[in-house]
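Student: sequence and computational prediction follow.
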Number of protein chains: 2
Amino acid sequence: MSIVVVGSVAFDSLKTPFGEREKILGGSATYFSVAASFFTDVRVVAVVGDDFGAAEEAVFSERGIDLSDLERIANEKSFFWKGEYGFDLNVAKSLDTQLNVFANFQPKLSAAARATPFLFLGNIQPTLQKQVREQAGAKLVAADTMNYWIHGMPDELRAMLKVIDVLLINDSEARELAGEANLIRAARQILSMGPKRVVVKRGEYGAAMFGNGTYFATPAYPLEKVFDPTGAGDAFAGGFMGYLAAHDATDEAAMRQAIIYGSVMASFNVEEFGCERTRRLTYDEINARFRELKSYSHFEEVAINPRRSAK
Amino acid sequence: MSIVVVGSVAFDSLKTPFGEREKILGGSATYFSVAASFFTDVRVVAVVGDDFGAAEEAVFSERGIDLSDLERIANEKSFFWKGEYGFDLNVAKSLDTQLNVFANFQPKLSAAARATPFLFLGNIQPTLQKQVREQAGAKLVAADTMNYWIHGMPDELRAMLKVIDVLLINDSEARELAGEANLIRAARQILSMGPKRVVVKRGEYGAAMFGNGTYFATPAYPLEKVFDPTGAGDAFAGGFMGYLAAHDATDEAAMRQAIIYGSVMASFNVEEFGCERTRRLTYDEINARFRELKSYSHFEEVAINPRRSAK
């Protein structure tokens, strides 16, 4: 089964304690589609300006990603973001945001996109997410969001949550959305807003997935160096949705495996700038980290018995 | 096999967003021994004043904990701590600390304590920890420490680390001790200081165990309400050491199961004030949470295959 992703294809200027890059290819749809392309066919719905050239196009084409629904606007520029990270790589400082072509983005799904069974709504304005979802005939719809929309458009966000199946969200943003400091109760609260599953991304602490009556958690893949956290959440979503679509599965067992593949793809994504690392991944590398995550959390079941000397 | 624990037996006045208690029984040796007593015999080496009465003694005796090495000082008071937690239960605000009998505590191990094969050094002054360790003939020695010693007595702490097998430490304190923001590298650094294993307690994010060439991580037991975090780390250590001692095992498989029992005991400990919850635990309750933690992190191994349509 194939996936359609709606989100941004953008240019980022990034600075981390380990280096910097000017105007490299980024955006949620980019990170997502490169990761998902290892699992299944991906179609990108996004908008770019005429600064999107052959070099950028090659990143998608070499991964077999379908750009036929990519809107190209002449004489305008692509979305641009400039950000900086300190040693606390969890906090990005936005230095510049230029919406450019993205300001008037009105995603329209082609007939092929409408017929695609898996849909990922990258982190864009929640009303746009909802409009896209209503155009689509997808059997599984997942979405990402962020604090900007939680605070700025709470009603629109609530309306979007009613029409999706899976919400992927950061730990702190899950608590903000629910207005609840305890994550377990926050997740239950979010489930009551509509989604059947809430996937909480916890950075170096891993990920947790909440369903109605189900719970799954995994530690993160242990990394000695996080080079650039940009796009980690989208790469996670790409591995997660990619695995589900490739297996046309939405049951708990597959969802859990998908969380692990999501963790694996995110772990690679942060090892270099942009999608430089994920672009050149091999299947052996991906599967090796899956097996490692399995072994890192493995223990044999056992039970203790009442002691004779104590009650 | 049995355990000896050296630490504090104290009175705590606690306030959390959910309630408060005046002068309840606390201290690292108390939390540790109540948790460990479900697994094996425990002997407490600590000092108390004459405010330690029959009610306090009953908490230990009902759990079969051996107090014959508990030093009792007449006309003095036990260690007292008054603390308050806000909604961020990770941060305790110390309102009052009265060392009392603890100021001159010079733990001396009895012949029986010296012959005990498992030793836990609760969070006390590192030179005292080292002196106790040198008196003991234990085959496995674990210790806890805290930021107060990391900053205040770094050399003494380093000397102690050279003579123990397992260090149990909080996430942020592991980073402080190593002077390294990345936890994976921080743990490796700490391993180079002496311990064969470093167990990192990460609160609601679970726990991780690092050895030379080994790594294990588990999410925490998911709790909807954390009532009082005091003693969680010691209850964790009690479950961890209790399981190892009960099975006379120090191999990786047993260590991993011990981490899970530690997580289980900590999860109960925080559900009520002091050790009120752990005191009345049943084996069924303990084993049920072990099984739950197993099921919450379980997934089947799988591998993805190269796609025909992409490289």
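Tutor: Looks like it came in fine. Numbers count the residues shown, from 1 in each chain, chains lettered A, B, ... in the order given.

Student: ranges for the helices of the stretch 101-250 of chain A?
Tutor: Remark: helices assigned in the stretch 101-250 of chain A by DSSP state H, counting those that start in this stretch are A:111-114, A:126-135, A:147-152, A:154-161, A:171-178, A:183-191, A:232-246.

Student: what helices and strands are in contact with whichever helix or strand comes after the longest one?
Tutor: Using DSSP states H and E, the helix or strand that follows helix A:232-246 towards the C-terminus is helix A:252-269. Secondary-structure packing of helix A:252-269 (3 or more C-beta pairs under 8 Å, 6 or more residues apart in numbering or on different chains; DSSP states H and E): helix A:28-36, strand A:197-201, strand A:207-211, strand A:214-218, helix A:232-246, helix A:276-279, helix A:283-296. Any C-beta I mention is one placed from the backbone N, CA and C, and that applies to glycine too.

Student: now stretch A:70-82: buried residues?
Tutor: Within stretch A:70-82, the residues scored as buried using 16 or more other C-beta atoms under 10 Å in any protein chain shown are A:70, A:73, A:76-82.

Student: chain center to that stretch, what's the gap?
Tutor: With C-alpha atoms, centre = their mean, to the nearest Å as the basis, stretch A:70-82 stands 21 Å off its chain's centre.

Student: let's see it as CSV, backbone CA atoms only.
Tutor: Output of stretch A:70-82 as CSV, limited to C-alpha atoms (Å, rounded to 0.1, in the frame of the first residue of the first chain):
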residue,chain,number,x,y,z
LEU,A,70,4.3,18.8,-5.9
GLU,A,71,3.0,22.3,-6.8
ARG,A,72,5.7,24.6,-8.2
ILE,A,73,5.2,28.4,-8.2
ALA,A,74,7.3,30.5,-10.6
ASN,A,75,9.0,33.7,-9.4
GLU,A,76,8.5,32.8,-5.7
LYS,A,77,10.6,31.2,-3.1
SER,A,78,10.1,28.1,-1.0
PHE,A,79,9.4,28.1,2.7
PHE,A,80,12.6,29.0,4.6
TRP,A,81,13.5,28.5,8.2
LYS,A,82,16.6,29.5,10.1
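
Student: show me what that stretch is in contact with.
Tutor: Residues outside stretch A:70-82 that contact it (C-beta atoms under 8 Å, 6 or more residues apart in numbering or on different chains): A:8-14, A:23, A:26-27, A:44-52, A:94-102, A:105.

Student: thinking again about what came up before, out of the helices and strands packed on helix A:252-269, nearest to chain B?
Tutor: Counting by C-beta to the nearest C-beta, chain B lies closest to strand A:214-218 out of the helices and strands packed on helix A:252-269; the figure is 3.5 Å.

Student: let me see the mean pLDDT of the closest one.
Tutor: Strand A:214-218 carries an average pLDDT of 98.

Student: show me what it is packed up against.
Tutor: strand A:207-211, helix A:252-269, helix B:283-296.

Student: tell me the angle it makes with helix A:183-191.
Tutor: 130 degrees (axes from the mean of the first three to the mean of the last three C-alpha atoms, to 10 degrees).

Student: the nearest residue to residue A:196 once chain neighbours are set aside and residue A:140, how far apart?
Tutor: Spatially, and ignoring its direct neighbours in sequence, residue A:196 is nearest to residue A:165 (5.2 Å; C-beta to C-beta, 6 or more residues apart in numbering or on different chains). From residue A:165 across to residue A:140, the span is 5 Å (C-beta to C-beta, to the nearest Å).

Student: how about residue A:5?
Tutor: 13 Å.

Student: is chain B contacted by stretch A:15-33?
Tutor: No. Stretch A:15-33 is not in contact with chain B by C-beta under 8 Å from any C-beta of the partner chain; minimum separation 9.5 Å.

Student: what average pLDDT does that stretch get?
Tutor: The model assigns stretch A:15-33 a mean pLDDT of 94.

Student: buried stuff in it?
Tutor: Neighbour-count burial for stretch A:15-33, counted by 16+ other C-beta under 10 Å, picks out A:15-16, A:21, A:24-33.

Student: over to stretch A:292-302?
Tutor: In terms of neighbour count (16+ other C-beta under 10 Å), stretch A:292-302 has its buried residues at A:293-294, A:296-297, A:299, A:302.

Student: now do that stretch: distance from first to last residue.
Tutor: Distance across stretch A:292-302, first residue to last, is 22 Å (C-alpha to C-alpha, to the nearest Å).

Student: ok so, going back, show me which of the buried residues of stretch A:70-82 is closest to chain B.
Tutor: residue A:70 (17.8 Å).

Student: please name the bridge partners of the closest one.
Tutor: residue A:46 (DSSP bridges).

Student: I'd guessed residue A:223 sits against residue B:185; true?
Tutor: No. Using C-beta atoms under 8 Å, residue A:223 makes no contact with residue B:185, being 9.7 Å away.
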